[in-house]
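*Asks:* 3D, please:
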Amino acid sequence: MVVDFRRPRPHPEPVTIKGNCVEIVQTYKYLGVQVDDKMNWTANTDALCRRGQSRLYFLRRLASFNICIKMLHMFYQTVVASALFYAAVCWGGSIKKRDVTRLDKLVRRVGSVVGTEIDRLISVAERRALSRLLSIMDNPLHPLHSVIFRQRSSFSDRLLSLSCSTDRLRKSFLSHTMWLFNSTPGKR
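*Replies:* The predicted model follows:
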């Protein structure tokens, strides 16, 4: 896969390894996450919607047997939410609004089946990203610990924001989670 954000995108030269030509692909599935060459996460959202729809079927079947709400919610957390929000820390901050709407629509359908209000995609992704940032801040052996430590304000408990010239950088993990950290009351 060749990731190139230039416009117009030049046609990449063929890559050969030990005499074999390597195929250039548009999307690649890595650890269950669909990554595409534009880094826009639409292919991943398509896969998540398909996976979520198939698991919603089983949730509806359980609900048709008059299973209690607590058990339905437990099934949702273990089977449906684990599939829908897998690796949300990676893609949750930079997903397109259209894709957020598609996933939230699916979550609302799940909520109607379960009979309770269920957290939306953005709140789950932000909570998980902030939790990940806090774990990095607590672990001095993590490679990003020193980067984050240098961003701490000497006057308050805030993190100084990184200088971002592009929207892609602004939505990246560090920039986005530092903004979340500063905007969350009672950070620790």
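
*Asks:* residue 28 and residue 35, how far apart?
*Replies:* Residue 28 sits 5 Å away from residue 35, going by C-beta to C-beta, to the nearest Å. For glycine as for every other residue, the C-beta is placed from the backbone atoms N, C-alpha and C.

*Asks:* overlap in contacts, the two.
*Replies:* Common neighbours of residue 28 and residue 35 (criterion: C-beta atoms under 8 Å, 6 or more residues apart in numbering): residue 1.

*Asks:* separation between the closest residue to residue 14 other than its chain neighbours and residue 58?
*Replies:* Leaving out its chain neighbours, the residue that sits closest to residue 14 by C-beta to C-beta, 6 or more residues apart in numbering is residue 21, at 5.5 Å. Going from residue 21 to residue 58 by C-beta to C-beta gives 43 Å.

*Asks:* list the contacts of the helix or strand containing residue 175.
*Replies:* Here residue 175, judged by DSSP states H and E, is contained in helix 173-183. Here helix 173-183 makes contact (C-beta under 8 Å, 6+ apart) with 89-90, 93-94, 126, 129-130, 132-134, 144, 147-148, 151, 158-162, 164, 169-170, 187.

*Asks:* if we can go back for a sec, what's whatever helix or strand the residue nearest to residue 14 lives in packed up against?
*Replies:* For residue 21, the host element (DSSP H and E) is strand 20-22. Judged by 3 or more C-beta pairs under 8 Å, 6 or more residues apart in numbering; DSSP states H and E, the packing partners of strand 20-22 are strand 15-17.

*Asks:* paired strands for the strand it packs on, with orientation please.
*Replies:* Using DSSP bridges, the strands paired with strand 15-17 are strand 20-22 (antiparallel).

*Asks:* give me the distance from the strand it pairs with to the chain's centre.
*Replies:* Strand 20-22 sits 32 Å away from the centroid of its parent chain (C-alpha atoms, centre = their mean, to the nearest Å).

*Asks:* past that strand, which element shows up next along the chain?
*Replies:* Next helix or strand after strand 20-22 toward the C-terminus (DSSP H and E): strand 27-30.

*Asks:* can you mark which positions in that next one are buried?
*Replies:* Residues of strand 27-30 include none that count as buried (16 or more other C-beta atoms under 10 Å).

*Asks:* stretch 170-181 - what's its average pLDDT?
*Replies:* The average pLDDT for stretch 170-181 rounds to 84.
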